[in-house]
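**Q** Structural data only, the sequence is not supplied:
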């Protein structure tokens, strides 16, 4: 490979890139070029004699995986290398995609049919609802959503139904174990897996079958994992099993950007890396090529308040820029108007809309922004997951596709059996379901044998036969290009004749276009692979970086992105940090990391805002400024009496106002009327809005506004 390919790397990047054998931990701060390090490391390994085929790189979104694949291809082309190792590409994918590949190849060892369906959240909810009902429990007391959350938490810890049954110690957990067991039975009957199952079943497969573990270890001699701080216990175990024979693992990540604890991510995986691999080489990437010093310094001050982290600093490489602007607004309407006004100013200065983003803690905060942007004619895009694939007409089409590859998928079959209406009603379906249960066959096979069911009329049997014949004919094409199958389903199922709305027809056309794009990109397109791609579609995949529109998204969605100008709104106690996080110091630390991630997405300009009043559950409430604002070490501009400036403008043109309040010392004993005795953890001096953080003897930790807390000294 040409030497100049690596010339642009920093010394720390080169150390990571040219490390070959043995465990490597790359602590990569935001904007430090970690994607470059991973792609160049792949190139360096191949140049050293490692076949690309033997390299597996894992990241956390499909978009990131695609970007990494493209970078690798560009790098290999730029190298002009004729090295034989470049003839086959490295495996680059998400964890879930890798698990699908492993389970399709080896899953039959565990009794799994390789044509399994991957159920999305809506399908999972239907199965969980049925599981609760089958356990003769009330779905009001055991809500499917809550049960799915509980089961997901167990799966992330690799706790199977039988193990959990042995652990159940009270009424709720006993019933949960029954529900968990029945839910997995239903999934097995439908030959379906949920997202957690992909990880769990792979982890158990590698644990229980040494031959599979050995074969994968020989296949992937070098494992590179990006965003290692976001791995859960199942992913951790999968990684350990794959590298168990050679220990060639490279983990890249940053504990300060671990923001997915709520879905099972375990920050301890990266914090304890040296304990897992005592001979690991540690490389810190601290140089930041993204943000100005004015943005990085406050970010450093903020994140330093966290205890669970690995010490590092952000070293800016850019020249000094504009200071962060923190603005206090009257209410959420005023806040949205201020954001719109600021964006208009930025555009007048020549900034393109695609380089501007607005971040918020919860999705509902986008409504006021959308209304304000529409009023001000500011183009925008909402980065909010898989809404396209949740439209009824799209789910109907996908239902047909799912049944073609997996006839046991009862959820999909029940969706399409009478869509469009073909005279097969609920009474008929109930009779077929009873027949299936009595004969212990799948629902699809029962419909195929409907001629044997005496209770069904001849006319209805004929309609069922036409439907089954349609599916059987379509099955013949599932190994070829997908787009023609989608078009045939739309035409021959009766949906084309049934749908009249122009918008709905446009959505169907977009689905065909998406299938055609898949056919073009895939070496050997199959319907099974296409459905896998759709099933693993995520929030980050919906973001269109080329669209000249302002991006509106939650802070969680912002991970991995960067913009010239960033707005972070709602810096108030209860929003950021979120109200569900105030009871636990680990949760507070994660909220702080979330804010840190948002800040470090900004390249040049950062605007942070809070409202003095916000409508919460229909009531206009006085807010408390977030404790994180104090931790930034930046003063905000506001006025003393917002009611005197009811002008609809953000209150950023007053003087800096200083107030004096009794300060509390760390460790000081205090008493609260409701919470009892506690000790001060932190006093945050914010003038009139000063906050005291108290850990009470009840075990609760509360952030209290001093002027309202009425704390006494015992």
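**A** Perfect, I can see it now. Computed from a prediction, not measured in an experiment: that's the story for all the values here.
**Q** and the closest residue to residue 237 other than its chain neighbours, how many residues sit next to it?
**A** Ranked by CB to CB, 6 or more residues apart in numbering and with sequence neighbours excluded, the top spatial neighbour of residue 237 is residue 203, at 4.6 Å. From N, CA and C alone the C-beta is placed, and that goes for glycine too. When neighbours are counted by other CB atoms under 10 Å, residue 203 registers 22.
**Q** Spit out the contact partners of residue 203.
**A** Counting by CB atoms under 8 Å, 6 or more residues apart in numbering, residue 203 touches 158, 234, 237, 238, 241.
**Q** just checking, the first one touches residue 236?
**A** No. With the criterion set as CB atoms under 8 Å, residue 158 and residue 236 do not qualify as a contacting pair; they are 9.6 Å apart.
**Q** Quickly note the distance from residue 391 to residue 507.
**A** In this view, residue 391 and residue 507 are 6 Å apart by CB to CB, to the nearest Å.
**Q** Repeat that for residue 379.
**A** From residue 379 to residue 507 the distance is 21 Å (CB to CB).
**Q** Between those two, which has more neighbouring residues?
**A** Taking other CB under 10 Å, residue 379 and residue 507 do not tie; residue 507 has more neighbours (17 against 12).
**Q** Then the more buried one would be within a helix, right?
**A** Yes. Counting by DSSP: H, G, I helix; E, B strand; the rest coil, residue 507 is part of a helix.
**Q** give the contact list for it.
**A** Contact analysis of residue 507 by CB under 8 Å, 6+ apart lists 388, 391, 393, 394.
**Q** give me the number of residues near the first one?
**A** Residue 388: 14 surrounding residues under other CB under 10 Å.
**Q** what about the closest residue to it other than its chain neighbours, which SS state?
**A** Of all residues not flanking residue 388 in the chain, residue 394 sits nearest, at 6.4 Å (CB to CB, 6+ apart). Following three-state DSSP, the label given to residue 394 is helix.
**Q** Please compute how far stretch 117-133 lies from its chain's middle.
**A** Relative to its chain's centre, stretch 117-133 lies at 20 Å (CA atoms, centre = their mean, to the nearest Å).
**Q** Show me what counts as buried in it.
**A** For stretch 117-133, a neighbour-count test (16 or more other CB atoms under 10 Å) marks 117-120, 123-132 as buried.
**Q** Which ones among those residues lie within helices?
**A** Among the buried residues of stretch 117-133, the ones falling in helices (DSSP state H) are 123, 124, 125, 126, 127, 128, 129, 130, 131, 132.
**Q** if I look at the fourth one, how far off is residue 368?
**A** In this case it means residue 126. Applying CB to CB to residue 126 and residue 368 gives a distance of 33 Å.
**Q** quick one: buried residues of stretch 363-379?
**A** So, applying 16+ other CB under 10 Å, buried residues of stretch 363-379: 365, 366, 368, 369, 372, 373, 378.
**Q** where does the stretch 551-700 of the chain have low pLDDT?
**A** The model of the stretch 551-700 of the chain has pLDDT under 70 over residues 617, 635-662, 685-689.
**Q** just to revisit the earlier point, filter the contacts of residue 203 down to the buried ones, ChimeraX style.
**A** Selecting the buried subset of those in ChimeraX, with 16+ other CB under 10 Å as the burial test, is done by:
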select :158,234,237,238,241
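**Q** Among the contacts of residue 203, find me the one that's closest to residue 276.
**A** residue 237 (11.4 Å; CB to CB).
**Q** Who are the contact partners of that closest one?
**A** 158, 203, 206, 207.
**Q** Which ones among those residues lie within helices?
**A** Short answer: the contacts of residue 237 in helices (DSSP H) are 203, 206, 207.
**Q** Switch the buried residues of stretch 363-379 over to a markdown table; also include distance to residue 33.
**A** Shown next, in a markdown table, are the buried residues of stretch 363-379 (distance: CB to CB, whole Å):
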| residue | distance to residue 33 |
| --- | --- |
| 365 | 32 |
| 366 | 31 |
| 368 | 37 |
| 369 | 32 |
| 372 | 36 |
| 373 | 33 |
| 378 | 32 |
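**Q** among these, which are in helices?
**A** Per DSSP H, the subset of those in helices is 366, 368, 369, 372, 373.
**Q** Can you name the residues that contact residue 397?
**A** Contacts of residue 397 by CB under 8 Å, 6+ apart are 486, 489, 490, 495, 508, 511.
**Q** Which of those fall in strands?
**A** Among the contacts of residue 397, none falls in strands (DSSP state E).
**Q** Just put those in CSV and tack on neighbour count, distance to residue 522 and pLDDT.
**A** Shown next, in CSV, are these (neighbours: other CB atoms under 10 Å; distance: CB to CB, whole Å; pLDDT from 0 to 100):
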residue, neighbour count, distance to residue 522, pLDDT
486, 23, 14, 92
489, 24, 19, 93
490, 22, 21, 92
495, 20, 25, 90
508, 21, 21, 88
511, 23, 16, 88
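**Q** closest to residue 287 among these?
**A** residue 511 (44.2 Å).
**Q** ok, residue 562 to residue 606 distance?
**A** For residue 562, the distance to residue 606 - CB to CB - is 12 Å.
**Q** Likewise for residue 173?
**A** 46 Å.
**Q** Comparing those two, which residue is more hemmed in?
**A** residue 606 (27 against 15).
**Q** Give me the phi and psi for the more buried one.
**A** Main-chain torsions, residue 606, degrees, to the nearest 10: phi -140, psi 120.
**Q** Please verify my assumption that residue 201 contacts residue 193.
**A** Yes. Using CB under 8 Å, residue 201 is in contact with residue 193, at 6.8 Å.
**Q** joint contacts of these two?
**A** By CB under 8 Å, 6+ apart, the residues touching both residue 201 and residue 193 are 103, 112.
**Q** Between those two, point out the one with more neighbours.
**A** Comparing residue 201 with residue 193 by neighbour count (other CB under 10 Å), the higher total belongs to residue 193, at 24 against 20.
**Q** Can you pick out the most distant pair from the contacts of residue 507?
**A** 388 and 393 (10.5 Å).
**Q** Can you measure across stretch 37-55, start residue to end residue?
**A** End-to-end distance of stretch 37-55 (CA to CA, to the nearest Å): 15 Å.
**Q** Apart from its neighbours in sequence, what residue is nearest residue 305?
**A** Nearest one to residue 305, counting by CB to CB, 6+ apart, is residue 631 at 5.3 Å.
**Q** Just give me the neighbour total for residue 21.
**A** 13.
**Q** before we move on, what SS does it have?
**A** coil.
**Q** now the buried residues of stretch 363-379 as JSON lines including pLDDT and distance to residue 255?
**A** As requested, the buried residues of stretch 363-379 are exported to JSON lines (pLDDT from 0 to 100; distance: CB to CB, whole Å):
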{"residue": "365", "pLDDT": "89", "distance to residue 255": "27"}
{"residue": "366", "pLDDT": "88", "distance to residue 255": "29"}
{"residue": "368", "pLDDT": "90", "distance to residue 255": "34"}
{"residue": "369", "pLDDT": "93", "distance to residue 255": "31"}
{"residue": "372", "pLDDT": "93", "distance to residue 255": "37"}
{"residue": "373", "pLDDT": "94", "distance to residue 255": "35"}
{"residue": "378", "pLDDT": "94", "distance to residue 255": "36"}
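**Q** between the residues you listed, which is nearest residue 583?
**A** Ranked by distance to residue 583 (CB to CB), these are led by residue 365 at 22.3 Å.
**Q** and residue 523, how many neighbours?
**A** Residue 523: 4 neighbours (other CB under 10 Å).
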